[in-house]
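Novice: Got a predicted model here, sequence first, then my questions.
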Amino acid sequence: MIGYVTLGTNDREKSSKFYDALCGELGVGRMMENEQFIAWGKPGGGAGIGITRPFDGNAATVGNGVMVALEAKDEAQVQRLYNLALANGGSDEGAPGDRGGGFYAGYFRDPDGNKLNAFIMKSE
């Protein structure tokens, strides 16, 4: 249902390093790039993610209540994504752990303050 997600950035270089690391761990690379934006994903694949300088020229801001969830393959990958986020300019919003109901996730913010998580749904 979702084609892609775009998040605003005020520092393209810092954010691109952050998303290169996360998307590399998820097995995808940059698929589109110009002066305005960078998108990661696989053409013809599932939803991708992009960063962009806002089209209106104003500063990028964080949406309160907005979060992008990245599906991992297992708990170890959740931990790797969380660690990569923190190592590449991200900040902690909740270490990986069981959140109940088979939901296991780690929460973090990108260098611009956008909230993300890495998660898996375990069968119980």
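Specialist: Structure's in. What do you need? Since the structure is predicted, the reported quantities are computational estimates derived from the model, not experimental observations. Numbering: from 1, shown residues only.
Novice: only C-alpha atoms for contact and neighbour calcs from this point on.
Specialist: Will do.
Novice: ok so Q79 is a strand residue?
Specialist: No - secondary structure of Q79 (DSSP: H, G, I helix; E, B strand; the rest coil): helix, not part of a strand.
Novice: can you pull the contacts of it?
Specialist: Applying CA atoms under 8 Å, 6 or more residues apart in numbering to Q79 gives the contacts 96, 106.
Novice: Next, the distance between the ends of stretch 106-118.
Specialist: End-to-end distance for stretch 106-118: 5 Å, by CA to CA, to the nearest Å.
Novice: so how far is that stretch off the chain centroid?
Specialist: 7 Å (CA atoms, centre = their mean, to the nearest Å).
Novice: now stretch 17-28
Specialist: On CA atoms, centre = their mean, the centre of stretch 17-28 falls 8 Å from the chain's centre.
Novice: Can I get that stretch in PDB, CA atoms only?
Specialist: Provided in PDB are the C-alpha atoms of stretch 17-28 (Å, rounded to 0.1, in the frame of the first residue of the first chain):
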ATOM      1  CA  LYS A  17      25.600   8.800   5.700                       C
ATOM      2  CA  PHE A  18      22.900   7.700   8.300                       C
ATOM      3  CA  TYR A  19      20.600   6.200   5.700                       C
ATOM      4  CA  ASP A  20      23.400   4.700   3.600                       C
ATOM      5  CA  ALA A  21      24.300   2.700   6.700                       C
ATOM      6  CA  LEU A  22      20.800   1.600   7.700                       C
ATOM      7  CA  CYS A  23      19.700   0.800   4.100                       C
ATOM      8  CA  GLY A  24      22.900  -1.100   3.400                       C
ATOM      9  CA  GLU A  25      22.100  -3.300   6.400                       C
ATOM     10  CA  LEU A  26      18.600  -3.900   5.000                       C
ATOM     11  CA  GLY A  27      20.200  -4.800   1.600                       C
ATOM     12  CA  VAL A  28      19.200  -1.800  -0.500                       C
END
